[in-house]
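J.: model this:
(one chain, ligands or ions: 2)
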Amino acid sequence: MEKVCVLGAGSWGTALAMVLAENGHDTLVWTHRAEQAEEINNLHTNKKYLPETVLPANLHATSDIAKAAMHAETIVVAVPTKAIREVCEKLTVELTRKVLFVHVSKGIEPDSLKRISEILAESLPAEYVEEIVVLSGPSHAEEVVLHHPTTVTAACANIDAAEKVQDLFMNQFFRVYTNEDVIGVEIGGALKNVIALAAGITDGLNYGDNAKAALITRGLAEISRLGVKMGGNPFTFSGLTGMGDLIVTCTSVHSRNWRAGNLLGQGMKLPEVLDQMGMVVEGVRTTKAAYQLAEKYGVAMPISTELYSVLFNDVEPKVAVDALMMRMKKREIDDMKH
Ligand SMILES: NC(=O)C1=CN([C@@H]2O[C@H](COP(=O)(O)OP(=O)(O)OC[C@H]3O[C@@H](n4cnc5c(N)ncnc54)[C@H](OP(=O)(O)O)[C@@H]3O)[C@@H](O)[C@H]2O)C=CC1
Ligand SMILES: O=C(CO)COP(=O)(O)O
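T.: Ligands and ions are numbered 1, 2, ... in the order given. Model (predicted):
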């Protein structure tokens, strides 16, 4: 039995804390809202994020970050990308020993263009960091809490650390693979949200299945193109954290990114959409990062670029789709390289 703390009691943090508690680990979830910690401790529910779920009685919560830091040998960071620096700052003052960090967030920071493991390495004191492992893959919280079969990947250049995380989480409904390619895993996990927003838009426009298959396939082409240029292993992009997560996020009604895109495609404006979602839609900020990364690395990312113009330059979704369809003629396979 390990002592594990999960930072963030949103849908994913809570679902993963549930997996860990069910695996017999001494699991504490930290939330920045005291009333939510009380709800988890006293009622064993988290109604805002997982309204139908009864949490295991051995899952405990706290809103005291000092307690969270004291408790853990392993810390799972499960807050949205934009909250990570702030949470690390709070945590840093409470750390007293080396901890294995696992992060499960899927984003890239705009402007700095940092991946999550880079943000963590920058924000946490090196002497208290044993390793940083990313856990990612096709995994909606709503299905994990129902014990539906789910597969994910734990990635770290130090394969022993990845295997330790594999052992912590793995059970009969939650299967964990390992990979050494942190860049490929983080880029695939972040950028699939961008393509899922676009897939939601075409569904909102009622463009049907051909359009969605096109977005998934050409989306994977542009994710791989960028990811390889950044140093990722090309094979990672056809794995769970690439193609796998892209498929689930572009096709599942559970996806907040797909749902947000769907509302945009139906004509709703971005601020209204985000208001209505009430949960993180990582793809919005990541679209800005993708747009900047495409420029920085000189890689063609037409879907991300058109989505950027819809989200941030008020271009009509239909006009953006027309622009994608009317790009100059390309070879399918040669095009993957450039
Ligand atoms: N949901 C899923 O199925 C999956 C999600 N992920 C990824 O996991 C990450 C977290 O997503 P998810 O749990 O779904 O998000 P949610 O929107 O469901 O929950 C986010 C949680 O983080 C908390 N939070 C937000 N800002 C801060 C802050 N500054 N300090 C402390 N806590 C904060 C929120 O608190 P409050 O309630 O106060 O807003 C909430 O508890 C994202 O990167 C997402 O892409 C990955 C795989 C699956
Ligand atoms: O990453 C996810 C599934 O693997 C969750 O996707 P959404 O954030 O779009 O809900």
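J.: Residue 102 belongs to a helix?
T.: No - Residue 102 sits outside any helix when classified using DSSP: H, G, I helix; E, B strand; the rest coil, being strand.
J.: For it, give its distance to ligand 2.
T.: 15 Å (CB to the nearest ligand atom, to the nearest Å). (C-beta placed from N, C-alpha, C; glycine too.)
J.: and what of residue 231?
T.: 22 Å.
J.: In which helix or strand does the closest residue in space to that residue that isn't next to it in sequence reside?
T.: Leaving aside its sequence neighbours, residue 231 sits nearest to residue 183 (CB to CB, 6 or more residues apart in numbering; 4.8 Å). Assessed by DSSP states H and E, residue 183 sits inside helix 182-204.
J.: send the alpha carbons of the helix or strand just after that helix over as PDB?
T.: Next along the chain after helix 182-204, taking DSSP H and E as the criterion, comes helix 208-229. The C-alpha trace of helix 208-229 is given here as PDB (Å, rounded to 0.1, in the frame of the first residue of the first chain):
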ATOM      1  CA  GLY A 208     -21.600  14.200 -40.900                       C
ATOM      2  CA  ASP A 209     -19.200  11.300 -40.600                       C
ATOM      3  CA  ASN A 210     -17.000  11.900 -43.600                       C
ATOM      4  CA  ALA A 211     -15.900  15.300 -42.300                       C
ATOM      5  CA  LYS A 212     -15.200  13.900 -38.800                       C
ATOM      6  CA  ALA A 213     -13.100  11.000 -40.200                       C
ATOM      7  CA  ALA A 214     -11.200  13.600 -42.300                       C
ATOM      8  CA  LEU A 215     -10.500  15.700 -39.200                       C
ATOM      9  CA  ILE A 216      -9.400  12.800 -37.100                       C
ATOM     10  CA  THR A 217      -7.000  11.500 -39.800                       C
ATOM     11  CA  ARG A 218      -5.600  14.900 -41.000                       C
ATOM     12  CA  GLY A 219      -5.600  16.000 -37.400                       C
ATOM     13  CA  LEU A 220      -3.400  13.100 -36.500                       C
ATOM     14  CA  ALA A 221      -1.100  14.000 -39.400                       C
ATOM     15  CA  GLU A 222      -0.600  17.500 -38.100                       C
ATOM     16  CA  ILE A 223      -0.100  16.400 -34.500                       C
ATOM     17  CA  SER A 224       2.500  13.800 -35.600                       C
ATOM     18  CA  ARG A 225       4.200  16.400 -37.900                       C
ATOM     19  CA  LEU A 226       4.700  18.800 -35.000                       C
ATOM     20  CA  GLY A 227       5.400  16.100 -32.400                       C
ATOM     21  CA  VAL A 228       8.100  14.500 -34.400                       C
ATOM     22  CA  LYS A 229       9.700  17.900 -35.100                       C
END
